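Visitor: just to be clear, the model below is a prediction. Sequence and coordinates:
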Amino acid sequence: MAEINHFEYGWITPALSYALSVLGSFLGLICAGRIRTAQTGGQRAWWGTLAAFAIGGTAIWTMHFMAMLGFAVEGTRIRYDVPITAVSAAVAVAAVGIGLAVAGTGRLSVSRILAAGLLTGAGVAAMHYTGMAAMRLGGDLRYDRPRVIASIVIAVVAATVALWLAVTVRRVLAVAASALVMGVAVNGMHFTGMSALSVHLHDTQREITGAEVGTLLVPIVLGVILVVVGLVYALLAAPTDEDRAAAAYLDARQVPEPAPVVAPTDPVGLRARSTLARPGTPFPSRRSDTPR
């Protein structure tokens, strides 16, 4: 059995992975909070998609990849299968999106949160082990079953708590504290799953195909930057509850324009007759003024 090092670069990779999970959780919780205040179904779908990319893409999958930068196995090089790696990212985003769709719509209830947490947690665990299956190295991967079960339980519990926070937390300080807790849960699930892994090297080392971690690092970092910038821009551009309340207040205070005054019709000449009572008004004559 080969020796495994989970922290080849020291504290840098776990610190970066935790920071990414907290950042993604913070932005995702804010986006998820907009789902229940959205006015239309399209707006709910928009905020749910942004929250899924923030939590599933940044807080979970990118954290997983960043932590894998410090993973090394003595005696073999490590490569990654790009299509399977992309599938693992899609699984993470889809799992969080499904969980938010179940928990964030309809009437809020404990059963709905638990069902959404179970689905999302199973999806997060599937993402983790799909990403592990994307590794290519000169050995066989084996897992300790009790630790695998423990990692899945942690994923389900963490997902349930995250979804509950997503639909209930509103204040910024509470969102920040929740993001810190979620960062601990996500990293705990990852490293619990990694502790279940053992590598048994092959007797003869062959050429290992796949992409190096440095090759994947640049596009992933650029993708994270684009996602974070897009999320921040969407949050800043969207009107808040205070903005909508202020707009409604201003609309209510607007004074309606007075209706234009329309002169009443005078079909029988009453208006002309009313001038007879005025001083100096000549009495109308039936005779013609022109001489015959």
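Guide: Happy to help now that I have it.

Visitor: C-alpha from now on. contacts and neighbour counts both.
Guide: Fine.

Visitor: which neighbouring elements make contact with the strand or helix carrying Tyr233?
Guide: Assigning secondary structure by DSSP states H and E places Tyr233 in helix 213-237. When contacts are defined as 3 or more Cα pairs under 8 Å, 6 or more residues apart in numbering; DSSP states H and E, helix 213-237 sits against helix 12-33.

Visitor: wait, Ala196 sits on Leu141?
Guide: No. In this structure Ala196 lies outside contact range of Leu141 using Cα atoms under 8 Å: 10.0 Å.

Visitor: still on that earlier bit, what does the helix holding Tyr233 contact?
Guide: Helix 213-237 is contacted from outside by 27, 31, 50, 53-54, 58, 62, 69, 79-80, using Cα atoms under 8 Å, 6 or more residues apart in numbering.

Visitor: closest one of the residues you listed to Ile113?
Guide: Distance ranking of these against Ile113, using Cα to Cα, places Cys31 first at 17.6 Å.

Visitor: residues touching the residue nearest the centre of the chain, list them.
Guide: Nearest to the mean C-alpha position of the chain, counting by Cα atoms, centre = their mean, stands Ala51 at 0.8 Å. By Cα under 8 Å, 6+ apart, the contact set of Ala51 is 27-32, 97.

Visitor: Val167 now?
Guide: 32-33, 36, 103-104.

Visitor: go ahead and build a PyMOL selection from the buried members of those residues.
Guide: Per 16 or more other Cα atoms under 10 Å, the buried members of the contacts of Val167 correspond to this PyMOL selection:
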select buried, resi 32+33+36+103+104
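
Visitor: what about stretch 65-74, how long is it end to end?
Guide: End-to-end distance for stretch 65-74, by Cα to Cα, to the nearest Å: 19 Å.

Visitor: tell me how far that stretch lies from the chain's centre.
Guide: A distance of 27 Å separates the centroid of the chain from that of stretch 65-74, by Cα atoms, centre = their mean, to the nearest Å.

Visitor: and if you look at stretch 102-110?
Guide: 16 Å.

Visitor: over to stretch 120-139?
Guide: With Cα atoms, centre = their mean, you get 23 Å for stretch 120-139.

Visitor: before we move on, what about stretch 94-101?
Guide: The answer for stretch 94-101 is 10 Å, by Cα atoms, centre = their mean.

Visitor: so for that stretch, mean pLDDT?
Guide: Average pLDDT, stretch 94-101: 90.

Visitor: got it, and stretch 144-155?
Guide: 92.

Visitor: please apply the same query to stretch 177-192.
Guide: Mean pLDDT, computed over stretch 177-192, is 88.

Visitor: could you do stretch 108-121 as well?
Guide: pLDDT averaged over stretch 108-121 gives 88.

Visitor: which residues touch Ala115?
Guide: Contact analysis of Ala115 by Cα under 8 Å, 6+ apart lists Val102.
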